[in-house]
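Peer 1: I need the structure of the sequence given here:
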Amino acid sequence: MLTIKRVPTVVSNFQETSETAGCGRNCLGQCCLPVSTLPLYTFTNAGKEQENVKGKCPSVPDEDSPIDFLNTLVLGQWEDRQSKGLFRYDVTACESKVIEGEQGFIAQLNEGRHLKKRPTEFRVDQVLQPFDPKKFNFTKIGQEEVLFRFEESSNGTSRYFDGALVGASTKSNVVTINVSPIEYGHVLLIPRVLDCFPQKIDAESFFLAVKMAEEGGSPYFRLGYNSLGAFATINHLHFQAYYLSLPFPVEKAPTRRLTCAKGGVHVSTLMNYPVRGLVFEGGSDLRSLSDFVSNACIFLQENNIPFNVLISDSGKRIFLFPQCYAEKQALGEVSQELLDTQVNPAVWEISGHMVLKRRKDYVDASEDYAWKLLAEVSLSEARFKEVQTEIFEATGLVEEESNEEEKLPEMAMASSSSFKPTPPSCVVWQ
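Peer 2: Here you go, the predicted model:
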């Protein structure tokens, strides 16, 4: 059995007792959340026939207002929580730079995340593990960490409600801050938080994440997913997201088309990149793309293959990375040099945003180092081909006879090698 050392369960830093309904802690548990009033954002599902049922849900007030989802709601509310001191460190003060080289890997020195992030409590050789209410989970965080609820609209229009009673019958998808952030605007999307799903992809939750990427409306706002065994640290279903106004190296990597699935979803494989992965894009609508990728993820988790997912380009481009770093780490197959960096390569590192924990590693960061680390994450060429074939068989795909390599259009990058976070209205890094 491969394990990471178990540690005591840690709860939120902000659960002081107060005179409120429920247990008095203003938590997201069954005691507090259903009797709470929280901001609500409803999104449209253009691929689904809707009825105008306004007024049928007493928990939603009649008044609503237009709102900029990314700039005002996500990032504006994130900055509000920052001003209230809810984060464990100031991520905006972290040094960052673009590493010189062809790939354009991004390095960040984040010593606070190393010292204050919640440790992993789970086996690394088992992708699917039952939810354990005794371990830390998101029902234990404080309501002040919640930015808003994210629900499908009941009347076919995107709307924002400053305050709406949660009630017992809602799905209660919530967007919260990540108290140990990697980057500006780092948030978590937690589908149906009170249902306490383990970290396991399902079609509806995955579509929820794709819709959030679409609502963001910016190529610089991405969502990511880590399975257990691929450096998810909490076994409670969640996706991560943050804003970074640079293209990730993986987004610029060339691809080779493999096939076109039913519904027009194009499947390609990454070329000239240290981590082997599949790229999904196109399709008749976001639902067809989302469903196809979620089926591939479901196959991986049911066959105990750890993986990471990057949802890019406002939901229209999705990267899937089967990986094996934690397995190699537990088996003693990773060099001491890489282990000493204490970098756990999850979705953001794999995508090219290297979060480094020691100043020495940051100062010495090079493209060779980034490539060497990520190459250890990747499945071997033979194993990746096996997994790819198994995914195709499980989803009814046939690989096309083509060796065509296509180079993706490059996004503009700042020439400076050192920069600071800027508001999303300005995408130039200084």
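
Peer 1: Residue 325 against residue 376, yeah?
Peer 2: Yes: counting by Cβ atoms under 8 Å, residue 325 does reach residue 376; the two are 5.7 Å apart. For every residue, glycine as well, the C-beta is placed using N, CA and C.

Peer 1: Of these two, which one has the most company?
Peer 2: Ranked by neighbour count (other Cβ atoms under 10 Å), residue 325 and residue 376 place residue 325 first, with 27 against 18.

Peer 1: show me what contacts the more buried one?
Peer 2: For residue 325, the contact set (Cβ atoms under 8 Å, 6 or more residues apart in numbering) comprises 230, 231, 334, 344, 345, 376, 377.

Peer 1: who touches both of residue 325 and residue 376?
Peer 2: 334, 345.

Peer 1: Which two of the contacts of residue 325 have the greatest separation?
Peer 2: Farthest-apart pair in these is 230 and 334; separation 14.7 Å (Cβ to Cβ).

Peer 1: And these two? Which one has more around it.
Peer 2: When residue 230 and residue 334 are compared for neighbours, residue 230 comes out ahead with 29 against 17, by other Cβ under 10 Å.

Peer 1: Do a quick rundown of the helices in the stretch 1-150 of the chain.
Peer 2: Along the stretch 1-150 of the chain, counting by DSSP state H, counting those that start in this stretch, helices occupy 77-83, 111-116.

Peer 1: Please, which helix or strand holds residue 281?
Peer 2: Applying DSSP states H and E as the criterion places residue 281 in strand 278-282.

Peer 1: Can you list the strands that that strand pairs with?
Peer 2: strand 265-270 (antiparallel), strand 317-322 (antiparallel) (DSSP bridges).

Peer 1: Is residue 291 located within a strand, as I assumed?
Peer 2: No: applying DSSP: H, G, I helix; E, B strand; the rest coil, one finds residue 291 to be helix, outside a strand.

Peer 1: gap between the spatially closest residue to it that is not a sequence neighbour and residue 166?
Peer 2: In this structure, residue 291 finds its nearest non-sequential neighbour in residue 203, 5.7 Å apart by Cβ to Cβ, 6 or more residues apart in numbering. Using Cβ to Cβ, to the nearest Å, residue 203 is found at 24 Å from residue 166.

Peer 1: Check residue 77 too.
Peer 2: 17 Å.

Peer 1: and if you look at residue 323?
Peer 2: Counting by Cβ to Cβ, the gap from residue 323 to residue 166 is 37 Å.

Peer 1: which one of the two has more residues nearby?
Peer 2: residue 323 (28 against 21).

Peer 1: what residues are up against that one?
Peer 2: 230, 275, 306, 307, 308, 345, 350, 377, 378, 379.

Peer 1: nearest residue to it other than its sequence neighbours?
Peer 2: residue 377 (4.8 Å).

Peer 1: What separation is there between the one you found and residue 129?
Peer 2: Using Cβ to Cβ, we find residue 377 at a distance of 21 Å from residue 129.

Peer 1: who's more crowded, those two?
Peer 2: Taking neighbours as other Cβ under 10 Å, residue 377 and residue 129 compare with residue 377 leading, 27 against 14.

Peer 1: That one against residue 324, yeah?
Peer 2: Yes: counting by Cβ under 8 Å, residue 324 is a contact partner of residue 377 at 7.2 Å.

Peer 1: hang on, the earlier thing: helices - which of the contacts of residue 325 land there?
Peer 2: 376, 377 (DSSP state H).

Peer 1: closest to residue 262 among the contacts of residue 325?
Peer 2: residue 230 (27.9 Å).

Peer 1: ok, and the closest non-adjacent residue to the closest one?
Peer 2: Nearest non-adjacent residue to residue 230 (Cβ to Cβ, 6+ apart): residue 306, at 3.8 Å.

Peer 1: count of residues packed around the one you found?
Peer 2: For residue 306, using other Cβ under 10 Å, the count is 25.

Peer 1: start the count at 883, not 1, going forward
Peer 2: In the new count, where the first residue is 883, that last one comes out as residue 1188.

Peer 1: OK, contacts around the closest residue to residue 1039 other than its chain neighbours?
Peer 2: Computed as Cβ to Cβ, 6+ apart, the closest residue to residue 1039 that is not its neighbour in sequence is residue 926, at 6.1 Å. Residues near residue 926 by Cβ under 8 Å, 6+ apart: 932, 1034, 1035, 1038, 1039, 1040.

Peer 1: follow-up on the earlier one: just the contacts of residue 1205 now: which is nearest residue 1172?
Peer 2: Proximity of those to residue 1172 (Cβ to Cβ) peaks at residue 1189, which lies at 15.9 Å.

Peer 1: any idea how far residue 1008 is from the nearest residue to residue 960 once chain neighbours are set aside?
Peer 2: Excluding its sequence neighbours, the residue lying closest to residue 960 (Cβ to Cβ, 6+ apart) is residue 1067, at 5.0 Å. From residue 1067 over to residue 1008 the distance is 32 Å, taken as Cβ to Cβ.

Peer 1: my read: residue 1044 touches residue 921, true?
Peer 2: Yes: taking contacts as Cβ under 8 Å, residue 1044 lies within contact range of residue 921: 5.7 Å.

Peer 1: Comparing the two, which residue is more hemmed in?
Peer 2: More crowded of residue 1044 and residue 921, by other Cβ under 10 Å: residue 921, with 18 against 14.

Peer 1: does that one really touch residue 1043, like I thought?
Peer 2: Yes: contact status for residue 921 versus residue 1043: in contact at 6.7 Å, counting by Cβ under 8 Å.

Peer 1: Please render the strands paired with strand 1160-1164 as CSV that adds distance to residue 1137 to the earlier fields.
Peer 2: Output for those, formatted as CSV (distance: least, Cβ to Cβ, whole Å):
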stretch, distance to residue 1137
strand 1147-1152, 4
strand 1199-1204, 10
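
Peer 1: which of those strands sits most buried?
Peer 2: Greatest average neighbour count among those goes to strand 1199-1204 (a mean of 26), per mean count of other Cβ atoms under 10 Å.

Peer 1: Tell me the first helix or strand C-terminal of that strand.
Peer 2: Using DSSP H and E, the helix or strand that follows strand 1199-1204 towards the C-terminus is helix 1207-1212.

Peer 1: what about dumping the CA coordinates of that following helix to CSV?
Peer 2: The C-alpha coordinates for helix 1207-1212 follow below in CSV (Å, rounded to 0.1, in the frame of the first residue of the first chain):
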residue,chain,number,x,y,z
TYR,A,1207,4.7,11.0,-10.1
ALA,A,1208,3.2,10.1,-6.7
GLU,A,1209,3.5,6.4,-7.5
LYS,A,1210,7.2,6.9,-8.5
GLN,A,1211,7.7,9.0,-5.4
ALA,A,1212,6.2,6.4,-3.1
